[in-house]
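Student: build me a model:
(4 chains)
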Number of protein chains: 2
Amino acid sequence: MAPTTPRSTDAPTVGLRELADALEGTPVERGLRERKKRARRLALIDAAQRLVAEHGLDAVTVEMISAQAGVSPRTFFNYFESKDDAVLGAEDAGLPDDVVGTFVDGGPTGRLLSDVQVLVAALLAAADESHDRVRRAIDLVQQEPRLLQRHMAWLERHQERLREIFDARRAAHPFSTDTELLNLLVLMLLRTSLVAWERAGYRGRAADHLPSAVAQLLDLAAGDVAP
Amino acid sequence: MAPTTPRSTDAPTVGLRELADALEGTPVERGLRERKKRARRLALIDAAQRLVAEHGLDAVTVEMISAQAGVSPRTFFNYFESKDDAVLGAEDAGLPDDVVGTFVDGGPTGRLLSDVQVLVAALLAAADESHDRVRRAIDLVQQEPRLLQRHMAWLERHQERLREIFDARRAAHPFSTDTELLNLLVLMLLRTSLVAWERAGYRGRAADHLPSAVAQLLDLAAGDVAP
DNA sequence: CAGCTTTTTGCAGTTGATGCATTTTTGCGC
DNA sequence: GCGCAAAAATGCATCAACTGCAAAAAGCTG
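Tutor: All right, here's what the predicted structure looks like:
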């Protein structure tokens, strides 16, 4: 159980590099090593998704995937904790610090649900960047429900961070909603948005379907208070 | 199905047996076979939970569990699909037909959220019956977050049924809320209630904490509409 | 008891996953 | 280019989860 990994080691030469990163949407690739690392990772994800789409999850072995990607089976596990993670292309899409900061400070709207919505939007934005692989991942989850569990595992990795974020906000701007409930609210909005996006034929962005999900939730509540 | 024990008057043994069953919370066990089956199953769950509580999930093997329960390792897998399932004591707690029927007919209150709440209450009631094992399962999930995934898998088994139920109700009493969202709503209410129950030291029933969960959700929505 | 069904069990085999030692690759100063 | 240190890839051995199959045991029924 490794504790949270601090993201940036505030280097002094930030400006230009950060701009370049923002444009490319990829983290710093300082040399051949990092580039190869990324390439292999993507190759493994692509191989995994392609094979599973064709043969089904259980018929595909780690050996096949790594062979397809041109690496040894042992290397596969240097990149992913499990076969399923590779199929999902599980990225550690962290929340941007500014978004988190704003949320903790009680912003941007001051209304909890709306602000959670912003949080979820940030998560979905990260998914937009590599939308091809995310698309395939969603499709595969429909086909292989077993993968849904790993989706849950993915949330779980962020759960601790989310918990901290919620608790931090609560400290300065108290609210009564249980942290556990908020965690699942995030999952609910995420998943509902992604499913809606899939049903819309992946047109536009995933985040475009988030307002609808929130509206449904409000309808649900409104219908209960005043039928 | 004649009474196997010829008695002087009508069959009092039936009455006794049904009473005993009601007290134990067990369905009718027609013979030695069924009784043993149930006993073995419970023995396996108890062994699994005890061992995991003591040594941790990863340190416990199926071999240990089955040895502890006095069956062969191969038999273990006749009872559970996975080690985790045994630890959770995963029961196929189905919803009672009358509850489902009422819900599908647009009842009991006619307000979607409240009616979903009744559904969840029924689910929680099932958990109350074998509350010792459920308690231990919840505690273990806190300790071993990995088990949360299996909890998700558990929902998944009911997801199809829930989907049918929601769709059936929608047919006669239309509502706009997405089925996917409702599924996760059920999970959210279930989990929030269970966690609250645990935090309350398992006093009373799990379902007692459901109204609070719903209230939190309503607060959340109300706070967003009119801050 | 004898025949039938259900359940358990042993055994062999596949696969996912991990630890460790070794080799290969890459980055870098010369 | 050259050699050296760090990082990554690889090979190998190992463990544990899980499955299929067929034989044996146990419960059921007449």
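
Student: point me to the residue of chain A nearest chain B.
Tutor: Chain A approaches chain B most closely through A:Ala221 (3.4 Å), counting by C-beta to the nearest C-beta. Every residue, glycine included, has its C-beta placed from N, CA and C.

Student: list the buried residues for whichever strand or helix holds that residue?
Tutor: Assigned by DSSP states H and E, A:Ala221 belongs to helix A:210-225. Residues of helix A:210-225 classed as buried by neighbour count (16 or more other C-beta atoms under 10 Å in any protein chain shown): A:210, A:213-214, A:216-221, A:223-224.

Student: same question, stretch A:40-56
Tutor: So, applying 16+ other C-beta under 10 Å, buried residues of stretch A:40-56: A:40-41, A:43-49, A:51-53.

Student: just stretch A:200-210 next, same as before
Tutor: So, applying 16+ other C-beta under 10 Å, buried residues of stretch A:200-210: A:205-210.

Student: mind checking the end-to-end distance for it?
Tutor: Chord length of stretch A:200-210, first to last residue, is 13 Å (C-alpha to C-alpha, to the nearest Å).

Student: who's in contact with it?
Tutor: Outside stretch A:200-210, the residues within contact range by C-beta atoms under 8 Å, 6 or more residues apart in numbering or on different chains are A:117, A:120-121, A:124-125, A:127-128, A:131, A:134-135, A:189, A:192-194, A:196-197.

Student: for the buried ones among those, write the corresponding PyMOL selection.
Tutor: Under the burial definition 16+ other C-beta under 10 Å, those of those that qualify are selected in PyMOL by:
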select buried, chain A and resi 117+120+121+124+125+127+134+135+189+192+193+194+196+197
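
Student: pLDDT below threshold where in chain A?
Tutor: Filtered on pLDDT under 70, chain A yields the residue ranges A:1-32, A:92-93, A:224-227.

Student: by residue count, which helix of it is the longest?
Tutor: helix A:146-172 (DSSP state H).

Student: which of the residues in that one are buried?
Tutor: Burial within helix A:146-172, assessed by neighbour count using 16+ other C-beta under 10 Å, is assigned to A:147-156, A:158-159, A:162, A:165-166, A:169-170.

Student: repeat for stretch A:64-84
Tutor: For stretch A:64-84, a neighbour-count test (16+ other C-beta under 10 Å) marks A:64-66, A:68-69, A:71, A:76, A:79-80, A:83-84 as buried.

Student: residues in contact with that stretch?
Tutor: Contact partners of stretch A:64-84, identified using C-beta under 8 Å, 6+ apart, comprise A:40-41, A:43-44, A:46-48, A:50-51, A:57, A:60, A:62-63, A:86, A:90, A:146-147, A:149-150.

Student: now do 7 Å
Tutor: Contacts to stretch A:64-84, defined as C-beta atoms under 7 Å, 6 or more residues apart in numbering or on different chains, come from residues A:40-41, A:43-44, A:47-48, A:51, A:62-63, A:86, A:147, A:150.

Student: check the residues you listed and tell me the two furthest apart.
Tutor: By the measure C-beta to C-beta, A:Arg40 and A:Leu147 form the most distant pair in the contacts of stretch A:64-84, at 22.0 Å.

Student: and which of the buried residues of helix A:210-225 is nearest A:Leu185?
Tutor: For these, the nearest to A:Leu185 is A:Leu217 (8.3 Å; C-beta to C-beta).

Student: for A:Arg111, see how far away the closest one is.
Tutor: Distance, A:Leu217 to A:Arg111, by C-beta to C-beta, to the nearest Å: 13 Å.

Student: residues in contact with the residue lying closest to A:Ala168 once chain neighbours are set aside?
Tutor: Among residues not flanking A:Ala168 along the chain, A:Val104 sits closest, at 4.5 Å (C-beta to C-beta, 6 or more residues apart in numbering or on different chains). For A:Val104, the contact set (C-beta under 7 Å, 6+ apart) comprises A:165, A:168-169.

Student: format those residues as CSV; extra columns: distance to DNA strand D.
Tutor: Listed next are the contacts of A:Val104 as CSV, based on distance: C-beta to the nearest atom of the strand, whole Å:
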residue, distance to DNA strand D
A:Ile165, 29
A:Ala168, 32
A:Arg169, 35
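
Student: I am finished for the moment; much appreciated.
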